[in-house]
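1. Just need the structure, nothing else, for what follows:
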Amino acid sequence: MTESVKTSLIGLPVVRRERLASQSAVPRPPVTLRAGLLPWIPFWLALGIGGWFLLRDEPGRKFYAALVLIGGMSLLLSLAAPRLAETGRIGWPWADRLRLVGLALCLITLGAGLAGGRAHMVAAPVLGFRYYGPVEGRVIGIDRSSSDRIRLLLDRVRLHKVPPTRTPERVRVSLHDYETLPVPGQQVMLTAHLAPPAGPTEPGAFDFRRLAWFERLGAVGYARTPVLTVAPPAGDGLLSMHRLRMNLAESMRQKIGGQAGAVAAALMTGDRSGIAEQTNQIMRDSNLYHIISISGLHMSMLAGFVYAGLRLVGTAIQGATGLRPGPLHKLAAAGALTAAGVYLWLSGGGVATERSFVMVAVMLLAIIADRRAVSLRTVAVAATIVLVVKPEALTDPGFQMSFAATVALILVHEPWLKVSPHLTWWTRPILMLVVSSLVASLATAPIAAAHFGRMTQYGLLANMLVVPVVGVLVMPGGAMAALLAPIGLAQPALWLMGVGTSWMLMIAQWIADLRGAVMLIPAAPNSVLPVMAIGAVLVTLGPMGGYHRAALFSRRLAGAVLMVGAIILWLTDRRPDILISAQGDAVAIMTPAGRVPSKPTGGSFAVRNWLEADGNPADQVQAAAHQLWRGEASNRVAKLTQSANPLLIRHLTKSSAEQNSGTFCQNQEIVVITGRLSDGKTSKEGCLIVDTDYLRIHGATAIYLHQNRLEIISTETSPQKRFWSSSSS
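-> Got it, this is the predicted structure:
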């Protein structure tokens, strides 16, 4: 027997014992690998997860049985390929290819299975009707809505005359009137209007129902009555810590004061309930909103500050005492990891914060294990952990943007190390800030534009002026405040934080007020972002095995073609000619002057989203001022002549429809009614009737005008639907 050491596809040494007498064994040629397979693992998982989310119908048992079968066979293929090559049945190049294909298919099916398993695991009742009456529940969260109203998140919900099997596990209620806010853990009662989570405002738009499903949020609504206390806060351990966190946030807001204190509290505790919507808006318009959300930036700043501080303290102790306590960098990394864990608890442990902690923790553990902390492998490990634990994170813009920025910064890290020694000491930090901000902005800009339909023109300048201040004043000030608070000396550190957050708000306001600070762009089709992401991965990641340069070049060329194709698809996409809201209270028509809604009021949420998706900065009143619709408010009429046959669009209220039910629907006419047609007719020859019955089945509707036909697309195109859509239909 003899031993041979080979390198596996993920770069790990594998020792095999081979018989000298075996003449049929074929030795494997040496293979030089760089990053190996590890960076590809989250990519293959993401393909499976993304594919599961793209399914039109909710998959059943046969689908998951097929996943198990395909995944098992793929795993066997991956394990059998090297053995076939060792016996000489196939060559080693083919063995590597088969092993890669098998592993990729196995991980893709695993990703789809993880997504499906997670969707079943979080399943909870969703309110199937509109409800008005008493609502009782325990407060587990307090935040602020986009309309600047305080919202309560309740669990242990009880609704009047609604059986427990149909009662949502969680509901979220906006407060129109309140004097004092309840505290987490407190049992409250209020009279509220509740409804199922709303679907997309148009086909292909963001579906809030999916997000609500994974958050177990079964109903949303509002209350105009006071919040009554039913029972004081219980002694639950997690909610007790949550109350402590909220108390810390309130203390920071009071001691720092104003919106600067609210931002400081959000940065340290994750509680954004004190931030006014106007502040949120200027932060968005200046491309600084990511700083308010606790992300990898804050976690890495805090961990970096603690790591550097502990190393300096350790070096000072060594110099003063001559003691050698051990590898300082490992001890400092352990201390920084502890500080990051405390920050995770202090910030409330949201999805974005958990993701950031995983990324930072993997890098710090790499230091402790004597591995490279800044590498694609560490990012791949963090991404894999997040995708396995919460597969739905793949659809979150925060996940996409944070990992895109991190990968981009890692790719420029090595070139920077080669260039930085040739720079003067004072230009090095300035240029590093410019390069890192530029690279991160370029990596995240397409994702932000695809999700939010907006690009900030001066975001790079804003980040260059603010990020250093956050790193030098705000995050260190927060860490020092936490250390000094037990002895009552936190005020100087909080003052330091206030200076930093005040500077941030001043810069944000200045940037947001600049002419052309924000450019709205049309919404991207749903296929753009996945195609662009796949292309970017094919371009950036290294070889998986013994590649020839030509094969690597071909793969990267294919990735570049996909990225260019995604941009072309985006630029050539056509917006719908007619949009109808899911309630029938809003209809809008695309014209050369922009989209024109039928009324200046009504259906404002849907109309606002339509205009933003068009890249139109006008509000509903401005858009409705264009001369297209005529008639009184209860009977609005517009005539379109783009197609071969002129088309009449009529938007009626229910009362007007009842009065004119015999005459309103003629040939080449579309009639939208905010109610149910009294005579029960749903269509006539040459006429499309869109009433409550139609919209309950089809949802929000988009219509494209072609030369001789209408193309009608609705949000509910599948009869079986998905968990989140079928539960609220």
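2. residue boundaries of the helices in the stretch 201-350 of the chain?
-> 208-214, 237-256, 258-269, 277-285, 289-292, 296-321, 328-346 (DSSP state H, counting those that start in this stretch).
3. what does the stretch 451-600 of the chain give?
-> 459-469, 475-484, 491-513, 528-540, 549-571.
4. Could you find the closest non-adjacent residue to residue 254?
-> residue 261 (7.0 Å; C-beta to C-beta, 6 or more residues apart in numbering). For glycine as for every other residue, the C-beta is placed from the backbone atoms N, C-alpha and C.
5. Show the pLDDT at that neighbour.
-> Looking at residue 261, its pLDDT stands at 93.
6. now it: how far from residue 691?
-> 51 Å (C-beta to C-beta, to the nearest Å).
7. again with residue 429
-> 64 Å.
8. Among those two, which residue is more densely surrounded?
-> Using other C-beta atoms under 10 Å as the criterion, residue 429 and residue 691 rank with residue 691 on top: 22 against 12.
9. In three-state terms, label the nearest residue to that one once chain neighbours are set aside for me.
-> Of all residues not flanking residue 691 in the chain, residue 673 sits nearest, at 4.3 Å (C-beta to C-beta, 6+ apart). Secondary structure for residue 673, judged by DSSP: H, G, I helix; E, B strand; the rest coil, is strand.
10. ok, residue 673 touching residue 695?
-> No: assessed by C-beta atoms under 8 Å, residue 673 is found out of contact with residue 695, at 9.4 Å.
11. between the two, which one's more packed in?
-> Legend: neighbour count by other C-beta under 10 Å for residue 673 and residue 695, higher for residue 673 (25 against 22).
12. measure residue 341 to residue 45 for me?
-> Distance from residue 341 to residue 45, by C-beta to C-beta: 26 Å.
13. Then residue 319?
-> 48 Å.
14. When these two are compared, which one has more neighbours?
-> residue 45 (24 against 9).
15. Just the helices from the stretch 601-729 of the chain, written as ranges.
-> 604-614, 620-624, 654-659, 692-698, 723-726.
16. and the longest strand that the chain contains with helix 237-256, angle?
-> Identified as the longest strand of the chain according to DSSP state E is strand 131-144. Inter-element angle recorded for strand 131-144 and helix 237-256: 60 degrees (by axes from the mean of the first three to the mean of the last three C-alpha atoms, to 10 degrees).
17. confidence score at the residue minimising distance to the centre of the chain?
-> Nearest to the mean C-alpha position of the chain, counting by C-alpha atoms, centre = their mean, stands residue 396 at 1.7 Å. Note on residue 396: pLDDT of 90.
18. And for residue 36?
-> For residue 36, the pLDDT comes out at 69.
19. go on, residue 162?
-> Note for residue 162: predicted pLDDT of 93.
20. And for it, the neighbour number?
-> Residue neighbour count, defined by other C-beta under 10 Å, stands at 18 for residue 162.
21. on that earlier part again, out of the helices of the stretch 601-729 of the chain, which one sits most buried?
-> Counting by mean count of other C-beta atoms under 10 Å, helix 604-614 has the highest mean neighbour count of the helices of the stretch 601-729 of the chain, with a mean of 21.
22. What average pLDDT does it get?
-> Throughout helix 604-614, pLDDT has a mean value of 93.
23. mean confidence for stretch 231-238?
-> Averaging pLDDT along stretch 231-238 yields 72.
24. can you check stretch 324-332 too?
-> 81.
25. just stretch 527-534 next, same as before
-> On average, stretch 527-534 scores 95.
26. quick one: low-confidence parts of the stretch 251-400 of the chain?
-> Regions of the stretch 251-400 of the chain meeting the criterion pLDDT under 70 cover residues 294-296, 325, 348-352.
27. And the protein, what are its domain boundaries?
-> 31-121, 131-234, 254-394+455-520, 528-571, 578-698 (automatic domain parsing).
28. right, so of those domains, which gets closest to residue 408?
-> Of all the domains of the chain, domain 528-571 sits nearest to residue 408, with 8.2 Å by C-beta to C-beta.
29. distance between the closest one and the chain's centre?
-> The chain centre lies 23 Å from the centre of domain 528-571; the measure is C-alpha atoms, centre = their mean, to the nearest Å.
30. Over to stretch 471-482?
-> 27 Å.
31. Can you list the buried residues in that stretch?
-> By 16 or more other C-beta atoms under 10 Å, the buried positions in stretch 471-482 come out as 471, 473-482.
32. now swap in stretch 148-158 and tell me
-> So for stretch 148-158, counting by 16+ other C-beta under 10 Å, buried means 150-154, 157.
33. between the residues you listed, which is closest to residue 190?
-> Comparing the buried residues of stretch 148-158 against residue 190 with C-beta to C-beta places residue 152 closest, at 8.3 Å.
34. is the closest one in a bridge, and if so with what?
-> Here residue 152 sits in beta bridges with residue 142, residue 173, going by DSSP bridges.
35. What is the neighbour count of residue 674?
-> So residue 674, with other C-beta under 10 Å, has 24 neighbours.
36. who are the neighbours in contact with the closest residue in space to it that isn't next to it in sequence?
-> Among residues not flanking residue 674 along the chain, residue 584 sits closest, at 4.6 Å (C-beta to C-beta, 6+ apart). Residues near residue 584 by C-beta atoms under 8 Å, 6 or more residues apart in numbering: 672-675, 690-692, 695.
37. swap in residue 537?
-> Neighbours of residue 537 in contact, by C-beta under 8 Å, 6+ apart: 43, 559.
38. can you tell me how far it sits from residue 377?
-> Relative to residue 377, residue 537 is positioned 15 Å away (criterion: C-beta to C-beta).
39. Minimum distance to residue 425: which of the domains of the chain has it?
-> Counting by C-beta to C-beta, residue 425 lies closest to domain 254-394+455-520 out of the domains of the chain; the figure is 16.4 Å.
40. how far is that closest one from where the chain is centred?
-> Using C-alpha atoms, centre = their mean, the offset of domain 254-394+455-520 from its chain centre is 19 Å.
41. what is the rounded mean pLDDT of stretch 65-79?
-> In the prediction, stretch 65-79 has an average pLDDT of 95.
42. again, but for stretch 199-212
-> 92.
43. Pull up the distance across it, start to finish.
-> Taking C-alpha to C-alpha, to the nearest Å, stretch 199-212 runs 10 Å from one end to the other.
44. Can you give me the buried ones in it?
-> Here stretch 199-212 shows 199-210, 212 as buried, counting by 16+ other C-beta under 10 Å.
45. Which strands or helices does the helix or strand that contains residue 361 pack on?
-> Using DSSP states H and E, residue 361 falls within helix 351-368. Other helices and strands packing on helix 351-368, by 3 or more C-beta pairs under 8 Å, 6 or more residues apart in numbering; DSSP states H and E, are helix 296-321, helix 328-346, helix 376-389, helix 397-419.
46. List of residues touching that helix?
-> 270, 293-296, 298-300, 303, 307, 329-330, 333-334, 336-337, 340-341, 343-344, 347, 372-375, 378-379, 381-382, 385-386, 390, 393, 396, 398-399, 402, 406.
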